[in-house]
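Chemist: Quick one, fold the following:
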Amino acid sequence: MPYEWQERDGERLLRVWPHRSLPRRGFVWFIGATAVLLTLPLLAVLGSSVLWGLLPFMLAAIAGIWWALQHSYRSGRTLEKLSITSDRITLTRSDPGRPDREWSANPYWIRAEIRPGPVEKYLVLTGDHESGRTIELGAFLTPEERAQLEGEVNRALAASRRQD
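Modeler: Numbering: from 1, shown residues only. I've put the predicted structure just below:
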């Protein structure tokens, strides 16, 4: 699961991050294999002027794949941190290239729920009477992970209410 709970000094911390299916080592192997496989058809035209016509397109394809995977890794550095104490709930979202966004409220009124939204089983924190906002949580998780996380967040909120 691309999230983890920690507990320290009466505070429950949740860290949520996007799943990475291709580790850095796999990236190197994928780019290398792609370069080799794209080079194989060029062997047939080795020594002719056709090679020079096809070579820029092959290099552009490899560069495009490289750029797309690097962009995916940058967006994968997104991190959401949810902190729950008996008197405050705080959600901080860190996206690469953007300042951190933070939301906080009294946990007594907050609950996690699944709603229809831009993704299947859209998980939100709702019930904030101070600002009236609804905050999304883990939109990059799978629907099953969001459904499981809903129950875990609600149990953590219930436990924080019992601490009072």
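
Chemist: May I ask you to name the longest helix in this structure?
Modeler: Using DSSP state H, we find that the single longest helix of the chain is helix 49-75.

Chemist: for that one, the distance to its chain's centre please.
Modeler: Computed by Cα atoms, centre = their mean, to the nearest Å, the chain-centroid distance of helix 49-75 equals 25 Å.

Chemist: Just the CA trace of the very next helix or strand once past it, in CSV.
Modeler: Later in the chain than helix 49-75, the nearest helix or strand by DSSP states H and E is strand 79-84. Output in CSV follows, covering the C-alpha atoms of strand 79-84 (Å, rounded to 0.1, in the frame of the first residue of the first chain):
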residue,chain,number,x,y,z
LEU,A,79,3.0,13.5,-0.7
GLU,A,80,0.0,14.0,1.5
LYS,A,81,0.4,14.1,5.3
LEU,A,82,-2.6,13.8,7.6
SER,A,83,-2.1,14.5,11.3
ILE,A,84,-4.8,13.7,13.8
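
Chemist: How far does the host helix or strand of Arg25 sit from its chain's centre?
Modeler: Assigned by DSSP H and E, Arg25 belongs to helix 24-39. Centroid displacement of helix 24-39 relative to its chain, using Cα atoms, centre = their mean, is 24 Å.

Chemist: quick one, what contacts Leu91?
Modeler: Each residue near Leu91 by Cβ atoms under 8 Å, 6 or more residues apart in numbering is listed here: 80-83, 102-104, 125, 135, 137. Placement of C-beta: from N, CA and C, glycine included.

Chemist: how much does the longest helix of the chain deviate in direction from helix 24-39?
Modeler: On the basis of axes from the mean of the first three to the mean of the last three Cα atoms, to 10 degrees, helix 49-75 is oriented at 160 degrees to helix 24-39.

Chemist: Pull out the buried positions in helix 49-75.
Modeler: 58, 65 (16 or more other Cβ atoms under 10 Å).
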